[in-house]
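[1] Dropping a prediction and its sequence here:
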Amino acid sequence: MTIEMNSSEKYVAVLFDDMSILPSLHFNEYTGFIEGFEDMGGDIFDSYIADHVLMFMIRGLKKQWKAPISYHFSSRGGAKTLQMKRLLTEIIRKLINIDLKPLTVICDQNNISVINSLMNDTKEKYLRCGNISTYREGSFEIDEFKVYPILDPPHLLKGMRNNFIKKDLHYSKNNVRKTAKWEHVRKLYENDNGPIDGLKVLPHITDEHIYENKIRKMKVKNAPHIFSQRFASTLQLVSQIDSANKIGTHVEHTSELLFFSIVYLTL
């Protein structure tokens, strides 16, 4: 495959994540083995029944292609940091050996301990060699190949949303301190109605987007609907014509945050 690629097309991202599965056992009549136990690759097996699957895939950074490359079954709440670190290191080495260039690794915040461990190992190597001044923060190395980890942007939005519904978010722009409030988001939703039933500016926004007791906090899909150009521009427009302050004061602070968050995370 790599023979047909030019140099820039060989740059890939390695993605990994784990998810819970229903524990079960299955007899494979072709191999004669009972499947469903923990299996973390190689000759490492366990008698515990798997309840999580860990998946690795690669995706082209320039050319649009993707491929699953490895999956592993773990138990007792999912794969441990050292297990994922070992597997990720092996996968990156194998990709390098077939002349691919794994420039980045993408995971969610739940697996940040794997990335931190690899970065700490790299930093310690530079310290031992007396070259710490040349170490580049925010990266790690596998066999001298530099890899830049990235946290999955949709999950960052989800985490930001989950904090935003509980606390005001403070930020600065042009040395001016500003405060974004979830209250503005909620009031825009509650005031998005008129004399004609079903006629709304934001018809796709529902209670599951707005109210804390109805938001599915582990789900990603609704968060980008709030952190979006459409919601932010609507909030800004309302703030300009809302002479009665039904939405609140300094609503433009919230609309700016919603818009620039999605712009930043999608760069």
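    Perfect, thanks for sending it.
[2] If you count neighbours, what's buried in the host helix or strand of residue 148?
    Taking DSSP states H and E as the criterion, residue 148 maps to strand 145-151. Going by neighbour count (16 or more other Cβ atoms under 10 Å), the buried part of strand 145-151 is 147, 149, 151. Just so you know, the C-beta spots here come from the backbone N, C-alpha and C atoms, and that holds for glycine as well.
[3] just stretch 12-30 next, same as before
    For stretch 12-30, burial by neighbour count (16+ other Cβ under 10 Å) applies to 12, 13, 14, 15, 16, 17, 18.
[4] is it true that the first one touches residue 105?
    Right, residue 12. No: between residue 12 and residue 105 there is no contact under Cβ atoms under 8 Å: 10.2 Å.
[5] rewinding a little: same list, the buried residues of strand 145-151, but as TSV with pLDDT please.
    TSV is the format used below for the buried residues of strand 145-151 (pLDDT from 0 to 100):
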residue	pLDDT
147	96
149	95
151	89
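[6] could these be laid out in TSV, adding distance to residue 113?
    Formatted as TSV, the buried residues of strand 145-151 follow (distance: Cβ to Cβ, whole Å):
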residue	distance to residue 113
147	16
149	12
151	12
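[7] Of those residues, which is the nearest to residue 253?
    Distance to residue 253, by Cβ to Cβ, is smallest for residue 151 among the buried residues of strand 145-151, at 25.1 Å.
[8] any idea how far residue 233 is from the closest one?
    As for residue 151, its distance to residue 233 is 27 Å (criterion: Cβ to Cβ, to the nearest Å).
[9] Next: residue 207.
    Using Cβ to Cβ, residue 207 is found at 22 Å from residue 233.
[10] Which one's more surrounded, these two?
    Neighbour totals were compared for residue 207 and residue 233, and residue 233 leads with 13 against 10 (other Cβ atoms under 10 Å).
[11] all strands for the stretch 51-200 of the chain, in order.
    For the stretch 51-200 of the chain, the strands defined by DSSP state E, counting those that start in this stretch cover 52-60, 66-74, 101-107, 140-142, 145-151, 169-173, 176-180.
[12] any chance of those in a markdown table, plus distance to residue 220?
    Supplementary listing: the strands of the stretch 51-200 of the chain in a markdown table, determined by distance: least, Cβ to Cβ, whole Å:
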| stretch | distance to residue 220 |
| --- | --- |
| strand 52-60 | 16 |
| strand 66-74 | 19 |
| strand 101-107 | 14 |
| strand 140-142 | 26 |
| strand 145-151 | 13 |
| strand 169-173 | 19 |
| strand 176-180 | 20 |
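[13] hang on, the earlier thing: among the buried residues of stretch 12-30, which two are most distant?
    Within the buried residues of stretch 12-30, two members stand farthest from each other by Cβ to Cβ: 12 and 18, at 20.4 Å.
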